[in-house]
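Colleague: Sequence and predicted model, in that order:
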Amino acid sequence: MRWMAATLPAVLFLSLPFFAGDFYINLASQILIAAIFALSLNLLVGYGGMTSLGHASYLGVAAYISALLTSRYGFGHGPAAVISIAGTTAMAAFFGVIALRATGLGFLMITLALSQVLWGLAYRMSNVTNGDNGIAGLTRPMPFGISLDSAAAFYWFALLVATFAFLMMTTFVSSSFGSSLKGVRDQPRRMAALGFNPWMIRWITFIYAGFWGGVSGLLYVYYNKYIHPTSLSTTSSAEALLGVIAGGSGTLGGPVVGAALVLLLKNYASAYIERWNMLLGLVFLFIVLVMPTGIVPGLSRLATGLRRGPR
Amino acid sequence: MQFWIIQGLNSLSLGGLLFLLSSGFSLIFGLMRLANLTHGAFFMLGTYFGATALRSFDGLNIWVTAIGAGIAVAAIGGLFERLVLTRLKTNPLGQVLVTLGMSFIISDACLMLWGGDSIPVPTPQNLQSPTRVLGFVFPTYRLVLVGCAIGAAIVLYFLLERTRLGAMIRAGVDDRQMARAVGIPVSNLFTVVFCLGAGIAGAGGVLGGPILSAYPGLDGDMLPLALIVVILGGIGSLLGAFIGSFIIGFIYTFGTALFPELAYIILFLPMIFVIAFRPQGLFGRVGA
């Protein structure tokens, strides 16, 4: 059963470019990017018990650094990518020191305030970030001389990175460090008594999550060839958090499913109605009130409840 | 000299508005252990209500409008608390997410109803002429606003420290289970405090209207300021919210005037400083 659950999506992902049109291939690329982003947030929310409402900071900052270096300062894509990932990771280390002074709701409020500061900065420092106009006219990199401009080529690139990211994050949570992280989430005082350093474990996880958030930001800017302050906004963080919680936080597949659902919902809904934010809010209310543990566990519980009949 | 005095007054009036916003946030957090991310949206809703009322009825008194809008926003907040938040009593994370969802709904509804253009709110006519003190010219409305915030602070102080309701709220903040055990209806108290906080934010939104005007995104501009005030002043502390509001009012106003591009960075320095050396905030008693 387990190997089937793993092969089915793998076959689907690998065969997609051979039968789908460009629109669907592009949609799949976007899902892969959102999935990396949601997985990195899930390290904090699901495995670390640290609910961050500022994860868009890492996506946005990595995207902005890369966009600025390549378009304005004439850097090549290789060095720009290295600098932007390194810069984003360093920022995560710094933000982690601040935010991890608190836990729970305090942590949430500090991450939200920090990300709002960055969002405001992107809007107001218009001589650097071009403000509300965003930075347009960016290019995609050409790894080993292969152009990524076609939908299929970019899809393969995104799939490669996403697979690597998924494996890396799976290894991270199933390692002994991952076990200590879950221990710190559930019983911080016992873990401290056992000689672990809860703060250090949380901080390292925070930095690691920031690193993968930065990677998804790079893919994001390569895909869109454009960056705007909204990618740093609370809405952007909230979409990712909704994906994690909707899919089922603390599971490996959940955030991928959730991120895909949020993205599909956004794409299809915006074709029919203008009010994406309102819909996002309503979906938030629905998920939290009706299936707080996520769609997959929620549906299975609903199924068993129906089988047992009304209580 | 005129620059410093005018900017000083602007800081005070912004601080006053921030107090109206963050005092409710802080009270709600202290009692309910709930980070109410809808608070900025409540403020914005108040501004839109005020803008609509003041522009459609000539000569309507701004104080009456503020009270009316405050009551309207309090009613919306009360419904939200009763219908949604009480269902999530055992799920603090779910509560925060729901308040976030609600803030998206409110801000998008405002965009739908009032459109994307900013709507200026008229300054009351009798407060339009400037006041002269010691040879300096002050905009009267801003002076009145500062007085208003100080008045609200005094009323809230007496409400919390000198009345039976205040005693019950304080008991709930300090030890919710013990308060319940001695017969305080904590669940009703939650609704009262939530309505009170939402109402102050709504009324503050009306009073802030002539300075800020109503525009989409006002909630997103105000909420982080309130968060920083509360993190700085200490969660659940009225005095902390008061001092924190004026500190942030000064830093933000002078930062914007002197280094417009770096205002946001400057804003975040005192927060880092406080978090590093006093994580519970300047006057905080409850750890977050």
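Modeller: Sure thing, it's come through. Residues are numbered from 1 along each chain as shown, chains lettered A, B, ... in the order given.
Colleague: So what's the residue count around residue 110?
Modeller: Picking chain A for this. The number of residues packed around A:Ile110, counting by other C-beta atoms under 10 Å in any protein chain shown, is 27. Quick note: C-beta positions are derived from backbone N, CA and C, even for glycine.
Colleague: that's the wrong chain, I meant chain B
Modeller: Residues near B:Cys110, counting by other C-beta under 10 Å, number 21.
Colleague: is it true that it lies in a helix?
Modeller: Yes: under the criterion used here (DSSP: H, G, I helix; E, B strand; the rest coil), B:Cys110 sits inside a helix.
Colleague: ok, it - contacts?
Modeller: Taking C-beta atoms under 8 Å, 6 or more residues apart in numbering or on different chains as the definition of contact, the neighbours of B:Cys110 are B:41, B:44-45, B:48, B:216.
Colleague: Next: A:Leu121.
Modeller: Shown in contact with A:Leu121 (C-beta under 8 Å, 6+ apart): A:129, B:264-265.
Colleague: Pull the contacting residues for the residue lying closest to A:Thr129 once chain neighbours are set aside.
Modeller: Here the nearest residue to A:Thr129 in space, its sequence neighbours aside, is A:Ala122; by C-beta to C-beta, 6 or more residues apart in numbering or on different chains that works out to 4.9 Å. Residues in contact with A:Ala122 (C-beta under 8 Å, 6+ apart) are A:60, A:64, A:129, A:131, A:229, A:232.
Colleague: Beyond the strand or helix carrying A:Ala122, next helix or strand please.
Modeller: Secondary structure from DSSP states H and E places A:Ala122 in helix A:104-124. Tracing the chain past helix A:104-124, the next element assigned as helix or strand by DSSP H and E is helix A:126-129.
Colleague: quick one: stretch A:248-261 to chain centroid distance?
Modeller: Averaging C-alpha coordinates over stretch A:248-261 and over its chain gives two centres that are 10 Å apart (C-alpha atoms, centre = their mean, to the nearest Å).
Colleague: And for stretch B:15-28?
Modeller: The chain centre lies 3 Å from the centre of stretch B:15-28; the measure is C-alpha atoms, centre = their mean.
Colleague: Quick check: which element contains residue 206?
Modeller: No chain was given, so I picked chain A. Element membership of A:Phe206, judged by DSSP H and E, is helix A:198-224.
Colleague: oops, I was thinking of chain B
Modeller: helix B:186-212.
Colleague: That helix: which residues count as buried?
Modeller: By neighbour count, with 16 or more other C-beta atoms under 10 Å in any protein chain shown as the criterion, the buried positions of helix B:186-212 are B:186, B:189-212.
Colleague: From those, list the ones also adjacent to chain A.
Modeller: With C-beta under 8 Å from any C-beta of the partner chain as the criterion, no member of the buried residues of helix B:186-212 is in contact with chain A.
Colleague: Based on its surroundings, how many neighbours for whichever residue of the stretch 51-200 of chain B sits closest to chain A?
Modeller: Here the residue of the stretch 51-200 of chain B nearest chain A is B:Gly101; by C-beta to the nearest C-beta that distance is 2.9 Å. Taking other C-beta under 10 Å as the neighbour definition, B:Gly101 ends up with a count of 27.
Colleague: With B:Arg162 instead?
Modeller: Taking other C-beta under 10 Å as the criterion, the count of residues near B:Arg162 is 10.
Colleague: and residue 265, how many residues sit next to it?
Modeller: By default, I'm working from chain A. Applying other C-beta under 10 Å, we find 18 residues neighbouring A:Leu265.
Colleague: Not quite, go with chain B.
Modeller: Taking other C-beta under 10 Å as the neighbour definition, B:Ile265 ends up with a count of 15.
Colleague: Could you do A:Val256 as well?
Modeller: Based on other C-beta under 10 Å, the number of other residues close to A:Val256 is 24.
Colleague: what residues does the stretch 101-250 of chain B put near chain A?
Modeller: For the stretch 101-250 of chain B, the residues in contact with chain A under the definition C-beta under 8 Å from any C-beta are B:101-105, B:107-109, B:111-112, B:220-221, B:223-224, B:227-228, B:230-231, B:235.
Colleague: separation between the nearest residue to A:Ser249 once chain neighbours are set aside and chain B?
Modeller: The shortest distance from A:Ser249 to any residue that is not its chain neighbour, by C-beta to C-beta, 6+ apart, is 3.6 Å, and that residue is A:Gly46. From A:Gly46 over to chain B the distance is 12 Å, taken as C-beta to the nearest C-beta, to the nearest Å.
Colleague: Provide a list of residues in contact with A:Gly46.
Modeller: Taking C-beta under 8 Å, 6+ apart, we find A:Gly46 in contact with A:244, A:249-251, A:254-255.
Colleague: Looking at those, which are in helices?
Modeller: If you go by DSSP state H, the contacts of A:Gly46 have A:244, A:254-255 in helices.
Colleague: Break down the stretch 101-250 of chain B into its strands, ranges please.
Modeller: Listed in chain order, the strands found in the stretch 101-250 of chain B under DSSP state E, counting those that start in this stretch are B:131-133, B:136-138.
Colleague: between these, which one is nearest to B:Gly240?
Modeller: Counting by C-beta to C-beta, B:Gly240 lies closest to strand B:136-138 out of the strands of the stretch 101-250 of chain B; the figure is 28.1 Å.
Colleague: which helices and strands does the closest one pack with?
Modeller: helix B:2-32, strand B:131-133 (3 or more C-beta pairs under 8 Å, 6 or more residues apart in numbering or on different chains; DSSP states H and E).
Colleague: Which one of the ones you listed has the poorest average confidence?
Modeller: Sorting these by mean pLDDT places strand B:131-133 lowest, at a mean of 74.
Colleague: Can you give me the neighbour number for residue 99?
Modeller: All of this refers to chain A. Residue neighbour count, defined by other C-beta under 10 Å, stands at 27 for A:Ala99.
Colleague: actually it's chain B I care about, not the one you picked
Modeller: Residues lying near B:Thr99 (other C-beta under 10 Å) number 22.
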